[in-house]
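Trainee: Just to be clear, the model below is a prediction. Sequence and coordinates:
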Amino acid sequence: MHSIDPFDWTEGLESIAIYSSEKTLIQDKKTSKYVKTNIPGPGCDMDDFETQILGCKCENRLCIETCSCIAKYGTVYDDGKILLSVIDGKNMVPIIECNTQCTCTADCQNRLIQNGISFKMEVFRSETKGLGLRTIESIDPGSFVCEYAGEILSFEEAKQRTKRQTEHDMNYVIVVKEHHRTGVMETYVDPSCRGNIGRYINHSCSPNLSMVPVRVNSMVPKLCLFAVKEIPSLTELTFDYGHASSTTNSGSVGPPTSSKQCMCGAHDCRGYLPYERLLYE
Ligand SMILES: C[S@@+](CC[C@H](N)C(=O)[O-])C[C@H]1O[C@@H](n2cnc3c(N)ncnc32)[C@H](O)[C@@H]1O
């Protein structure tokens with residue numbers, strides 16, 4: 001039987017193990033169960049999870065412009081698997097990767113985040129923000145770092161869970177709003193009971209990661225974190241909890257009564273952690 005390394009935060013589920021240089025930190029691992037990607041949680045719409053996106057029939061097994069997925073949704077990654085919108089500064093298009101219905105292989109240019117994490121990272125204890133995640137190798141701009149994965153909740157369930165928190169509890173629920181021509185799609189992800197390594201990423205008002213929704217098999221978005229700048233080894237990984245990407249945004253910066261003081265230390269720090277007002281009403 002496969003034995004689980006007790007010091008690996010990913011419980012052996014990722015292709016790269018995530019350790020802490022301070023081994024005792026693993027005792028702080030909450031009662032959460034590791035999941036690599038989003039799973040349905042209470043109240044989520046199972047149709048969204050189960051409706052399969054159509055696949056391509058690429059004969060050369062490597063997708064280029066003639067691939068029906070790329071022709072329909074556009075080229076989003078370059079041949080080095082770098083997110084193009086980060087390097088060319090153009091507006092983000094919806095990202096839909098090739099999926100299990102496609103005939104192409106895992107090295108297809110239109111498959112990236114589904115192949116999982118590839119950078120060595122570690123969980124560490126930050127001075128003022130609890131645990132955090134940092135990289136232990138340098139990361140190029142536009143690289144995929146990890147998902148922010150957990151249970152997908154309905155608005156009502158997200159609200160109930162938020163209400164149960166005390167002012168001392170950490171908040172893990174992230175809300176992403178995607179503005180489409182036909183309306184706004186809201187996705188609520190909670191990694192607190194079941195989540196991946198993304199749950200340890202702290203907020204910064206001047207972050208080095210950006211959250212981008214990516215779809216693979218179903219219309220439920222995976223909240224993917226991409227580097228927005230060169231990130232040197234041993235740098236803490238951060239994203240802006242209130243500004244997921246150019247097509248999405250989550251949360252608002254609070255009045256002090258409903259939001260925690262931000263300790264990101266950025267020179268343009270907004271002072272408080274962003275929060276989603278509707279979850280606290
Ligand atoms: C998604 S968790 C991040 C991981 C968390 N630090 C831990 O120990 O598990 C979000 C929580 O971390 C803390 N946090 C994250 N960024 C912060 C910041 N910039 N300033 C203060 N606290 C922060 C807050 O308590 C927040 O509710």
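Mentor: Thanks, I have the structure now. Not measured: the values here are computed from a predicted model. Numbers count the residues shown, from 1 in each chain.

Trainee: Neighbours of the closest residue to F226 other than its chain neighbours, how many?
Mentor: On the basis of CB to CB, 6 or more residues apart in numbering, the spatially nearest residue to F226 that is not a chain neighbour turns out to be L83, at 4.9 Å. Any C-beta I mention is one placed from the backbone N, CA and C, and that applies to glycine too. Residues lying near L83 (other CB atoms under 10 Å) number 25.

Trainee: Report the beta-bridge partner residues of L83.
Mentor: With DSSP bridges applied, the residues forming beta bridges to L83 are Y77.

Trainee: ok, which residues in the stretch 51-200 of the chain are in contact with the ligand?
Mentor: Within the stretch 51-200 of the chain, the positions adjacent to the ligand are K129, G130, L131, G132, M170, N171, Y172, R199, Y200 by CB under 6 Å from any ligand atom.

Trainee: If we use 8 Å, what do you get?
Mentor: Near the ligand, the residues belonging to the stretch 51-200 of the chain are 126, 128-133, 169-172, 174, 191, 199-200 when assessed by CB under 8 Å from any ligand atom.

Trainee: correct me, but Y34 touches G195?
Mentor: Yes. In terms of CB atoms under 8 Å, Y34 counts as a neighbour of G195; the distance is 7.4 Å.

Trainee: so what's K90 up against?
Mentor: Residues counted as contacts of K90 (CB atoms under 8 Å, 6 or more residues apart in numbering) are L84.

Trainee: swap in L131?
Mentor: By CB under 8 Å, 6+ apart, L131 lies in contact with L25, D28, V123, F124, R125, Y200.

Trainee: Which residue comes closest to it once chain neighbours are left out?
Mentor: In space, not counting the residues next to it along the chain, L131 is nearest to Y200; the distance is 5.1 Å by CB to CB, 6+ apart.

Trainee: Model confidence score at the one you found, please.
Mentor: If you check Y200, the pLDDT there is 96.
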